[in-house]
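Asker: Would you be able to build a 3D model of this:
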Amino acid sequence: MFGIPGKSPVTLTPRAVKQITRLMARDQAYGLKLGVKKGGCAGMEYTMEFTDKAEPMDEVVEQDGARVMIAPMAQMFLFGTEIDYETSLLESGFRFNNPNVSEACGCGESIKFKDMPEAGARG
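Answerer: Now for the predicted structure:
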């Protein structure tokens, strides 16, 4: 487990809980798996997929019937994140209120984390 013992690495708003549990029931899924991968104009992107099991190294967060698994490589990037679900006239989707993000692109799907090397920088 990464982070502070006894503290959930992510929290879910009531709207996110409602949407995750609805989708879990619809897809007959065990839960929602979260990760991060390289990509996008800011350097990293969130990944989300429904899965039928948790892997041994996944961090599992259960809140009011919603189950979220965090992939091992994403745990340090997502610690402290609040996940919300917003609906507007033009779009709806999950929103990550992540204190570890230093910048995001205009579309909001690509992020850069604090202390992360610039995209394309050589180390």
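
Asker: list the helices and strands the longest helix belonging to the chain packs on?
Answerer: When the chain is scanned for its longest helix (criterion: DSSP state H), the result is helix 14-27. Contact here means 3 or more CB pairs under 8 Å, 6 or more residues apart in numbering; DSSP states H and E; on that basis helix 14-27 packs against strand 31-38, strand 44-51, strand 66-70, strand 81-87. The C-beta positions use only the backbone N, C-alpha and C, and glycine is treated the same way.

Asker: List of residues touching that helix?
Answerer: Counting contacts by CB atoms under 8 Å, 6 or more residues apart in numbering, the residues outside helix 14-27 that touch it are 12, 29-32, 50, 63-68, 83-86, 94.

Asker: quick one: that helix to strand 44-51, angle?
Answerer: Comparing the axes of helix 14-27 and strand 44-51 via axes from the mean of the first three to the mean of the last three CA atoms, to 10 degrees yields an angle of 50 degrees.

Asker: Give me the buried entries from the contacts of helix 14-27.
Answerer: Neighbour-count burial (16 or more other CB atoms under 10 Å) is assigned, among the contacts of helix 14-27, to 12, 29, 31-32, 63, 66-68, 83-85, 94.

Asker: Just checking, which helix or strand of the protein averages the lowest pLDDT?
Answerer: Taking all helices and strands of the chain together, the one with the lowest average confidence (mean pLDDT, DSSP states H and E) is strand 110-113, at a mean of 57.

Asker: so who does the spatially most central residue of the chain touch?
Answerer: When the chain is reduced to its mean C-alpha position, the closest residue under CA atoms, centre = their mean turns out to be residue 34, at 4.6 Å. The neighbours of residue 34, taking CB under 8 Å, 6+ apart as the test, are 10, 46-48, 68-71, 74, 78.
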